[in-house]
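Colleague: task: produce atomic coordinates for the following.
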Amino acid sequence: MKFAKSVRTAVALIGFGLCTSAMAENPIIQTYYSPDPAPVVFGDTVCVYTGNDEGGHFFTMHGWRVSCTTDMVNWTDRGALILTNEDFGGNAKKNGDWAAQVVRRNGKYYYYVTVESSRGGRAINVAVADRPEGPFKDALNGKHLAGPNWDYIDPTVWIDDDGQAYLYWGNPKLYYAKLKEDMISFDGDIKVTDMSRGFAPNGEDSKYTEGPWIHKRGKKYYMIYASHGVPEKISYSTSDSPTGPWTWGGVIMDQGNNTAFTNHSGLIDFKGRSFFFYHNQKNVNGGGYSRSTAIEEFTWNADGSIPTIKSTNDGVKKPIKNLDPFERVEAETKAWVGGMTVDKPRDPDGGNYTIINHVAVESGNVYLTGMSTGFYTKVRSVDMGDGADRIILCTKGNGGKLEVHAGSETGALLAAINVPASSKWEENSFDVENAAGVDDLYFVVKQGGFDFDYWYMESEKTAVPQTPYKGVAATVPGVIEAENYDEGGHNKAFYDADRENQGKAYREDEVDVVGFGCTDESNTKDCKGYAIGYTKADEWLEYTVNVAADAKYDITANLATPFETAGLQLFVDGEPITESLTGLKTDEEKFDVYKETELGSVELKKGEHVLKLLITGEYLNVDWIKFEDPNNPLKLAQEIRLAPQQNASYNVFGATGKFLGRIDNVGTNLSATLKQAGYANGAYIVRRVGLSKAMRVTVK
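Modeller: Numbering: from 1, shown residues only. Predicted coordinates for the structure are as follows:
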């Protein structure tokens, strides 16, 4: 196949009618109003937590949101509202959800937020989650961490190198307190910073206003904040201690280039580069109460001071890396969005709200919706390598038309797609032409009516066929280890809603495999076993199986979950063989307490089939699935005398071969161990886990 490089077409108007260059990508988030940015680095990912402006004639904010990136130019919405005042047990009023920040500690994510207290005044609340995007839950059971007090707004949090955590907040004073390691209680009293010095040049009156942000570089602490009253600038002060005293550093960002009359900032160092976050009012129908997050990249001065940074339209010009289109790309991953519509419901107090509704969530799955003719998304720096042959889209709805262009929304046409109608999420493949090299891609809606979940590309070189794990199909009857799902990648052998491999054990792809009984805290080393974990609804895995004979097989699975709502369903060759099963809870609060659970039985035909495990209720760990023929007893090795090994584990079967349970930490006397475990007198068949040979044991 011969590939041609894309021919770019210059356009004068980009995005929301702004006369800017093709690089213009500030604000970085267009699909919602995103004031008060709080960027946080989590390994190879940056997430920016923001408020959710709804316009009107005041700072009307309902809930908090988050978008994340790995390249600093393409941002992915990670949900709609990930936390709201309703989550705090009635201690917070509606539409008073102000600035906030997240920090990670001991595998948990702590969200410090400003609320308007139901008792009057402002307050700091804290929520906690297991994942960066939540779900977040009230960590204090309806109590405030600090407040109420009208001064108590805009928390920023920092964990120092010695492990001590600090929380800062306040307008017009700067308050701070030490946090205990639990991150939800103070270690000592709340203190007030001496504002008479260190926050203004030449001994002038204090210029500190609000919105503190704490940062550390080397041994120097930087307190960055909104200053000079309204309209606000961004200034900073420095110290050799996280609690001061502080020395005036200077103004970082002044007013100009359509910045809002308020400002709120955050600063990070990421992959050897430095980025300054703030908000402006340049989003569609933006204004002083409809603000959006923007970024400027900068270089620190040689003496460690922060340079003056101007607000621009450009955003980040050079990505951290190129985007790989041969991996799944969420439709809500974008550098820019154009052709949006804005809802303007009436504000009961007299103004108009401004709300953008192009992102929706269904069972934890985030997707684009409400896309009418002229809507488009831009994805930057897409590396198509030597070329792609086709693009796969996952959509549902009434169908429509979509075009994929390179370079601009009217640039080289790579694909003209008739999106088929579907009542459920469905993948469809379409040919692409001249899709090669690194280019910006534009997905332009020519006829709306469909919802858009994700896309990816394939070439004859990159397409991977679905095959059994390590080339060997699992056998039925037998045990199918959940972590030994087929090879072939996402949307062929598995679908994992979260691109991040959170388990980081056993295999290196998107699927979250966790270890149990491991020798290290990360659950990756010297583990007794592995399981599928961190599951979300609608995730699935497939297993190629070889059925030995036509028979009716009993199905059991080894599962762990603390939630009643966790669930699964099994399919063979696309047909359901179980109902959607719930009520699988094995422990009140732990994910490492596994229990063997009967799932039913099924008639299977001899030959090769594909077994599909579908997660129907999130947070279910799956260790293995077993198929047994109850009418075909195990063939015993009559003359074999296996010496039980210390601390081994054995599966126990009845005389007919029916699986009865597992015993762990077995000593040298199997009979006594069975009796102690509650097995009645009689003959049993036992087989050590991991071995195929079995023996008969009598309990007297």
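Colleague: and the spatially most central residue of the chain, how far is that from Val444?
Modeller: Nearest to the geometric centre of the chain sits Glu133, at 5.0 Å (C-alpha atoms, centre = their mean). Going from Glu133 to Val444 by C-beta to C-beta, to the nearest Å gives 28 Å. Every residue, glycine included, has its C-beta placed from N, CA and C.
Colleague: same check, this time on Asp623
Modeller: Remark: distance between Asp623 and Val444 (C-beta to C-beta) = 46 Å.
Colleague: for the stretch 251-400 of the chain, which spans come out with low pLDDT?
Modeller: Using pLDDT under 70 as the threshold, the predicted model of the stretch 251-400 of the chain has low-confidence ranges 288, 344-354.
Colleague: how about a cut-off of 80?
Modeller: When the per-residue scores of the stretch 251-400 of the chain are filtered using pLDDT under 80, the ranges that remain are 284-290, 342-356, 363-364.
Colleague: next one: the stretch 451-600 of the chain
Modeller: Applying pLDDT under 80 to the stretch 451-600 of the chain flags the ranges 461-464, 490-491, 497-505, 508, 517-528, 588-591.
Colleague: where along it do the strands fall?
Modeller: 474-476, 478-481, 494-495, 513-516, 529-532, 540-547, 551-560, 567-572, 575-576, 595-604 (DSSP state E, counting those that start in this stretch).
Colleague: between these, which one is closest to Lys334.
Modeller: When the strands of the stretch 451-600 of the chain are compared for distance to Lys334 using C-beta to C-beta, the nearest one is strand 494-495, at 21.4 Å.
Colleague: so how far is that closest one off the chain centroid?
Modeller: Remark: strand 494-495 is offset 16 Å from the chain centroid, using C-alpha atoms, centre = their mean, to the nearest Å.
Colleague: ok, and what's touching that strand?
Modeller: Residues from elsewhere that reach strand 494-495, judged by C-beta atoms under 8 Å, 6 or more residues apart in numbering: 485-486, 509-511, 538-542.
Colleague: let me have the residues you listed in CSV, adding distance to Asn501 and neighbour count as columns.
Modeller: As requested, the contacts of strand 494-495 are exported to CSV (distance: C-beta to C-beta, whole Å; neighbours: other C-beta atoms under 10 Å):
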residue, distance to Asn501, neighbour count
Tyr485, 14, 26
Asp486, 17, 22
Asp509, 7, 15
Glu510, 6, 19
Val511, 7, 25
Asp538, 18, 16
Glu539, 13, 24
Trp540, 17, 19
Leu541, 14, 22
Glu542, 18, 20
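Colleague: out of the residues you listed, which is nearest to Val46?
Modeller: Glu510 (19.2 Å).
Colleague: quick check: the closest one touching Lys504?
Modeller: No - between Glu510 and Lys504 no contact is recorded; they are 11.5 Å apart, counting by C-beta atoms under 8 Å.
Colleague: between those two, which contacts overlap?
Modeller: Where contact means C-beta under 8 Å, 6+ apart, no residue is in contact with each of Glu510 and Lys504.
Colleague: His609 against Leu570, yeah?
Modeller: No - in this structure, His609 is not within contact of Leu570 by C-beta under 8 Å, at 11.6 Å.
Colleague: hey, C-alpha coordinates of stretch 229-244 in CSV?
Modeller: As requested, the backbone C-alpha atoms of stretch 229-244 are provided in CSV (Å, rounded to 0.1, in the frame of the first residue of the first chain):
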residue,chain,number,x,y,z
GLY,A,229,-7.6,42.1,45.3
VAL,A,230,-10.0,42.3,42.3
PRO,A,231,-9.0,42.1,39.5
GLU,A,232,-6.6,39.4,40.7
LYS,A,233,-3.0,38.8,39.8
ILE,A,234,-1.0,35.7,40.6
SER,A,235,2.0,36.2,42.9
TYR,A,236,4.4,34.0,45.0
SER,A,237,6.5,34.0,48.1
THR,A,238,9.3,31.6,49.1
SER,A,239,10.6,30.0,52.3
ASP,A,240,13.1,27.5,53.6
SER,A,241,10.3,25.9,55.7
PRO,A,242,6.7,24.8,54.8
THR,A,243,5.4,27.1,57.6
GLY,A,244,7.4,30.3,56.8
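Colleague: tell me how far it is from the chain's mean position?
Modeller: Centre to centre, stretch against its chain (C-alpha atoms, centre = their mean), the figure for stretch 229-244 is 32 Å.
Colleague: now that stretch: buried residues?
Modeller: For stretch 229-244, burial by neighbour count (16 or more other C-beta atoms under 10 Å) applies to 232-239, 242, 244.
Colleague: got it, and stretch 551-565?
Modeller: Taking 16+ other C-beta under 10 Å as the basis for neighbour counts, the residues of stretch 551-565 that come out buried are 551, 553-561, 563.
Colleague: ok, now stretch 306-318?
Modeller: Neighbour count says stretch 306-318 has 306, 309, 311-313, 315-316 buried, by 16+ other C-beta under 10 Å.
Colleague: also stretch 576-592?
Modeller: Buried positions in stretch 576-592, judged by neighbour count with 16+ other C-beta under 10 Å: 577-578, 581-582, 584-586, 591-592.
Colleague: stretch 368-385 now?
Modeller: Residues of stretch 368-385 classed as buried by neighbour count (16+ other C-beta under 10 Å): 368-369, 371, 375-382, 384-385.
Colleague: over to stretch 40-48?
Modeller: 40, 46-48.
Colleague: check contacts around Gly533.
Modeller: Listed by C-beta under 8 Å, 6+ apart, the contact partners of Gly533 are 502-503, 512-514, 591, 621.
Colleague: would you mind listing the two of those that lie farthest apart?
Modeller: Taking C-beta to C-beta as the measure, the contacts of Gly533 reach their widest spread between Val513 and Phe591, a distance of 13.1 Å.
Colleague: doesn't Lys424 belong to a strand?
Modeller: Yes - counting by DSSP: H, G, I helix; E, B strand; the rest coil, Lys424 is part of a strand.
Colleague: got the confidence number for it?
Modeller: Here the pLDDT value assigned to Lys424 is 89.
Colleague: that one and Glu487, how far apart?
Modeller: Computed as C-beta to C-beta, the Lys424 to Glu487 distance reads 26 Å.
Colleague: could you look up the SS state of Ala672?
Modeller: On the basis of three-state DSSP, Ala672 is classed as helix.
Colleague: what pLDDT does it get?
Modeller: So, for Ala672, pLDDT stands at 79.
Colleague: contacts only, for it.
Modeller: Neighbour list for Ala672: empty [criterion: C-beta under 8 Å, 6+ apart].
Colleague: next one: it from Asn651, what distance?
Modeller: The separation that Ala672 has from Asn651, given C-beta to C-beta, amounts to 18 Å.
Colleague: need the contact list for Thr544.
Modeller: With contacts defined as C-beta under 8 Å, 6+ apart, the neighbours of Thr544 are 466-468, 473-474, 486, 608-611.
Colleague: where do the helices sit along this structure?
Modeller: Taking DSSP state H to define them, one finds helices in the chain at 670-676.
Colleague: contacting residues for Gly51?
Modeller: Applying C-beta under 8 Å, 6+ apart to Gly51 gives the contacts 34-36, 61, 64-65, 97-100.
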